[in-house]
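>>> Here is a sequence with its predicted model. Questions after.
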Amino acid sequence: MENIKYHAADGGVFIEGVRDFNPTHTFGCGQCFRWDAESDGSYTGVAFSRAVNISASDGRIFILGATVDDAKNIWTDYLDLGRDYSMIKKELLHDENVRRAIEFGAGIRILNQEKFECLVSYIISTQNAIPRIKKIVSKLCGMYGDKIEFSGRTYYSFPTPAQLEGVSADDLEPLHAGYRAAYIADAVQKVCSGDVDLDRVSALDTAAARKELLKIKGVGPKVADCTMLFSMKKSDAFPIDVWVQRTMRTLYCGEGANLNMIQAKAAQIFGEYAGIAQQYLFYYARENAMKR
């Protein structure tokens, strides 16, 4: 745990002594779908059935709408503040490509999202663009989640497995999620039945956890690895999307490399922090391509 302190103020809580955190880098790097930027550079979002606004400057975070207990028991872990990213960066700086990516996205921290929400969100993300993913997730929450009032706006919690139990693809038609609706329904059924117990999966090693997640229709290696990295604290999981695939082939593996070869190369170069390296590389590649 970093040397951080908490104190209540102005309708929220300050967390002081934080390094290596930038809301834009963290919430804008593609790992989550329920945070939106405000005009002042802060971000408002919903996680663990709570809506808050998060801003940061000069080594401290302000969470509007949170209590000190919330900060200690929910947000510190959610924002991964207990992990020393300065040490992780030192471990990764041996690679010049990652060094550039770290300099660009120095404030990225890997969020520890709720497991079921992360799984379903990444099922929705399959062959999908972020604005549409966010729209579908928001609609799902509005249909089945609990209402949350915050700062004069209405939000909804992400539905629990129990709230979605028995849902069919036809029931989810209003989401306009296409073929993904059947995959969501299958995920709900397998989680509710215990066929895929996400807490048990989280306790497995990465290879075994991936195997369990692949039991769910529509969950391939990328969705499984995203779920493990962003909700199960498996920092060696290495999701490969179009950006990461292109980056790894260009910089490390050659154009003929398949996904297994890329996974193996990432493990060789980045080791236990492969997933974190992936997020730096993904953010750098995507943002710079968009600027060109």
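Looks like it arrived, so ask away. Keep in mind that this is a model prediction, so the values were computed, not measured. Numbers count the residues shown, from 1 in each chain.
>>> What's the first helix or strand after the helix or strand hosting A162?
For A162, the element it lies in under DSSP states H and E is helix 161-164. Using DSSP H and E, the next helix or strand after helix 161-164 towards the C-terminus is helix 180-193.
>>> Remind me what the helix or strand just after that following helix packs against, helices and strands.
Of the helices and strands lying after helix 180-193 in sequence (DSSP H and E), the nearest is helix 198-203. Of the remaining helices and strands, those touching helix 198-203 by 3 or more C-beta pairs under 8 Å, 6 or more residues apart in numbering; DSSP states H and E are helix 115-124, helix 206-213. Backbone N, C-alpha and C define where each C-beta goes, glycine included.
>>> List the buried residues of the last one.
This means helix 206-213. By neighbour count, with 16 or more other C-beta atoms under 10 Å as the criterion, the buried positions of helix 206-213 are T206, A209, R210, E212, L213.
>>> do the same with stretch 185-203
Residues A185, D186, A187, V188, Q189, K190, V191, C192, V196, L198, V201, S202 are the ones in stretch 185-203 that count as buried (16+ other C-beta under 10 Å).
>>> where's the most centrally placed residue in the chain, which helix or strand?
The chain has Q31 as the residue nearest its centroid, 3.5 Å off, counting by C-alpha atoms, centre = their mean. Under the criterion DSSP H and E, no helix or strand holds Q31.
>>> nearest spatial neighbour of it, skipping sequence neighbours?
Sequence neighbours aside, F230 is the residue nearest to Q31 in space, at 5.2 Å (criterion: C-beta to C-beta, 6 or more residues apart in numbering).
>>> Go through the helices and strands of this structure and name the one with the lowest mean pLDDT.
Between all helices and strands in the chain, the lowest mean by mean pLDDT, DSSP states H and E belongs to helix 274-291, at a mean of 89.
>>> and that helix, what other elements does it pack with?
Helices and strands in packing contact with helix 274-291 are listed as helix 85-92, helix 96-104, helix 221-231, helix 242-248, helix 259-270; criterion 3+ C-beta pairs under 8 Å, 6+ apart.
>>> if we compare those helices, which one ends up closest to R286?
In terms of C-beta to C-beta, the element of the helices and strands packed on helix 274-291 nearest to R286 is helix 242-248, at 5.1 Å.
>>> Please report phi then psi for the residue lying farthest from the centre of the chain.
The centre of the chain is farthest from one residue, G256, which by C-alpha atoms, centre = their mean lies 29.1 Å away. The main-chain torsion angles of G256 are listed as degrees, to the nearest 10 and equal phi -90, psi 0.
>>> what's the answer for N258, then?
According to degrees, to the nearest 10, the main-chain angles of N258 amount to phi -90, psi 180.
>>> what's the spacing between the nearest residue to K234 once chain neighbours are set aside and N112?
Using C-beta to C-beta, 6+ apart and skipping the chain neighbours, the partner closest in space to K234 is M228 (4.0 Å). Per C-beta to C-beta, to the nearest Å, M228 is found 12 Å from N112.
>>> With neighbour numbers in mind, choose between these two.
More neighbours surround M228 than the other of M228 and N112, with 27 against 21 (other C-beta atoms under 10 Å).
>>> Pull the contacting residues for that one.
Shown in contact with M228 (C-beta atoms under 8 Å, 6 or more residues apart in numbering): T206, A209, R210, L213, K234, A237, G275.
>>> swap in T76?
With C-beta under 8 Å, 6+ apart as the criterion, the residues that contact T76 are I4, I15, G82.
>>> Now do the same for it: helix, strand or coil?
helix (DSSP: H, G, I helix; E, B strand; the rest coil).
>>> quick one: D236 and I269 touch, right?
No: contact criterion C-beta atoms under 8 Å: D236 and I269 do not qualify, at 11.9 Å.
>>> Assumed F14 was part of a strand.
Yes: membership of F14 in a strand is supported by three-state DSSP.
>>> Count the neighbours of it for me.
17.
>>> Next: the one 4 residues further on.
By the criterion of other C-beta under 10 Å, V18 has 20 neighbours.
>>> what does D77 give?
Around D77 sit 15 other residues, with neighbours defined as other C-beta under 10 Å.
>>> Repeat that for the one 3 residues further on.
Residues lying near D80 (other C-beta under 10 Å) number 19.
>>> what separates the residue lying closest to it once chain neighbours are set aside from K90, distance-wise?
With C-beta to C-beta, 6+ apart as the criterion, D80 has its nearest non-adjacent residue at 4.5 Å, and that residue is R109. Computed with C-beta to C-beta, the distance linking R109 and K90 is 16 Å.
>>> Appreciated, that's everything.
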